[in-house]
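In: Need the 3D shape of this:
(chains A and B)
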Amino acid sequence: ETGVTQSPTHLIKTRGQQVTLRCSSQSGHNTVSWYQQALGQGPQFIFQYYREEENGRGNFPPRFSGLQFPNYSSELNVNALELDDSALYLCASSLGGYGEGNTEAFFGQGTRLTVV
Amino acid sequence: AQSVSQHNHHVILSEAASLELGCNYSYGGTVNLFWYVQYPGQHLQLLLKYFSGDPLVKGIKGFEAEFIKSKFSFNLRKPSVQWSDTAEYFCAVILDSGNTPLVFGKGTRLSVIA
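Out: Modelled structure (predicted):
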């Protein structure tokens, strides 16, 4: 176990709806990253939060947004869901910042989102 | 932009065969390198990692990887695979600053047959 927990584990939504996915980071970690893993693909970076600020974003539209809370847990929100948003959404936490070992990411089990 | 290439999409091996999965990255700075494994229905698990020092790193379950800086490569090896190694394997790279995203390859599916 990595100490990173995500909820819910599975979710079915209708096209056009909005969804919120949640992630609790490992104790002591101040950096949370979100990834989208489509079927048969590697995880694609959505965005990263470091000490409650977004400090990096991948090639995803603005309808993908997020938050990081003072306890470093995080949410991923997706508005106006599209069929192509169906994927496994992964959350990873790390120590962040400079220093050897700070980049190691610990992944949660993911939330499988199906958009119908 | 930083990218990671995994050469094999699907590898099929018999038990006890040797394994080598290729991984190349395109970034000239100082990087940290990882191999993750994803067993069917399970979350990503770290197999091994390279930050600095000895370029031959050993991970869990008998896996090892060699970092060859001149070739921008970080290939994964195992001398003798088992049926339980059937999984998806992902190579990932990140800048050592820690405030940049982890970039994954597309993955290699390994199927080990009896």
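In: most centrally placed residue in chain B?
Out: Nearest to the centroid of the C-alpha atoms of chain B, with distances taken as C-alpha atoms, centre = their mean, sits B:W35, at 3.4 Å.
In: If you could redo that for chain A, that was the one I meant.
Out: A:W34 (2.7 Å).
In: Mind listing the strands the helix or strand hosting it pairs with, and their directions?
Out: With secondary structure defined by DSSP states H and E, A:W34 is part of strand A:31-37. Sheet pairing here is set by DSSP bridges, and for strand A:31-37 it gives strand A:44-50 (antiparallel), strand A:87-94 (antiparallel).
In: For B:V93, find the nearest of these.
Out: B:V93 lies closest to strand A:44-50 among the strands paired with strand A:31-37, at 11.7 Å (C-beta to C-beta). All C-beta atoms are positioned from the backbone trio N, CA, C, and that covers glycine.
In: residues in contact with the closest one?
Out: Counting contacts by C-beta atoms under 8 Å, 6 or more residues apart in numbering or on different chains, the residues outside strand A:44-50 that touch it are A:30-38, A:54-60, A:64, A:66-68, A:74, A:76, A:96-97, B:99, B:101-104.
In: Tell me the gap between the one helix or strand A:T114 maps to and the middle of its chain.
Out: Under the criterion DSSP H and E, the helix or strand holding A:T114 is strand A:111-115. When C-alpha coordinates are averaged (C-alpha atoms, centre = their mean, to the nearest Å), strand A:111-115 and its chain have centres 13 Å apart.
In: Report the angle between it and strand A:87-94.
Out: Using axes from the mean of the first three to the mean of the last three C-alpha atoms, to 10 degrees, the inter-axis angle of strand A:111-115 relative to strand A:87-94 is 150 degrees.
In: how about strand A:111-115, does it reach chain B?
Out: No. Strand A:111-115 lies apart from chain B when judged by C-beta under 8 Å from any C-beta of the partner chain; the minimum separation is 10.2 Å.
In: what is the rounded mean pLDDT of that strand?
Out: Per-residue pLDDT over strand A:111-115 has a mean of 97.
In: do stretch A:36-45 as well
Out: If you average the pLDDT values across stretch A:36-45, you get 91.
In: Also stretch B:26-36?
Out: Across stretch B:26-36, the average pLDDT comes to 88.
In: Can you get me a residue count around A:Y72?
Out: 22 (other C-beta atoms under 10 Å in any protein chain shown).
In: ok, it to A:F60 distance?
Out: Noted for A:Y72: a distance of 21 Å to A:F60, by C-beta to C-beta, to the nearest Å.
In: How about A:R22?
Out: If you go by C-beta to C-beta, the gap between A:R22 and A:F60 works out to 18 Å.
In: Repeat that for A:F106.
Out: Counting by C-beta to C-beta, the gap between A:F106 and A:F60 amounts to 22 Å.
In: and the two? which has more neighbours close in?
Out: Neighbours of A:F106 and A:F60, each counted by other C-beta under 10 Å, are more numerous for A:F106; the result is 20 against 16.
In: Now do the contacts for that one.
Out: Taking C-beta under 8 Å, 6+ apart as the test, what A:F106 contacts is A:T2, A:G3, A:V4, A:Q26, A:H29, A:A92, A:S93, A:S94, B:L46.
In: Filter those residues down to the buried ones.
Out: Applying 16 or more other C-beta atoms under 10 Å in any protein chain shown to the contacts of A:F106, the neighbour count classes A:T2, A:V4, A:Q26, A:H29, A:A92, A:S93, A:S94, B:L46 as buried.
In: Relative to B:A114, which of those is nearest.
Out: Within the set of the buried ones among the contacts of A:F106, B:L46 lies nearest B:A114; the separation is 27.5 Å, counting by C-beta to C-beta.
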